[in-house]
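In: What follows is a predicted structure for the sequence shown.
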Amino acid sequence: MTAVEQTSEETRAPFTDEWRAAIEHAAGCLACRTPGTVCREGQQLLRAYEEVARQTRSGGDE
């Protein structure tokens, strides 16, 4: 691993994986891209991201 890669890994937000999973799902999911529809998996991924982001902002594991 190069120094640049290592630095970017170390400074990456702890909720990046959750955000990426939610965005990648939404990009390929017709229900997520259609206004007025509900996607259970998309909602679960978004909730997981929101929870990790909330914990990160509060500074601890709740």
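Out: Everything's here; your move.
In: This structure: strands as residue ranges?
Out: Counting by DSSP state E, the chain forms no strands at all.
In: Would you mind pulling the contact partners of stretch 22-34?
Out: Contacting residues not belonging to stretch 22-34 are listed as 37-39, 41-42, 45-46, 48-49 [C-beta atoms under 8 Å, 6 or more residues apart in numbering]. Every residue, glycine included, has its C-beta placed from N, CA and C.
In: now do 6 Å
Out: 37, 39, 42, 45-46, 49 (C-beta atoms under 6 Å, 6 or more residues apart in numbering).
In: show me what contacts the residue most central in space within the chain?
Out: Centroid-nearest residue in the chain: Trp19, 1.5 Å away (criterion: C-alpha atoms, centre = their mean). Contacts for Trp19 (C-beta under 6 Å, 6+ apart) come out as Tyr49.
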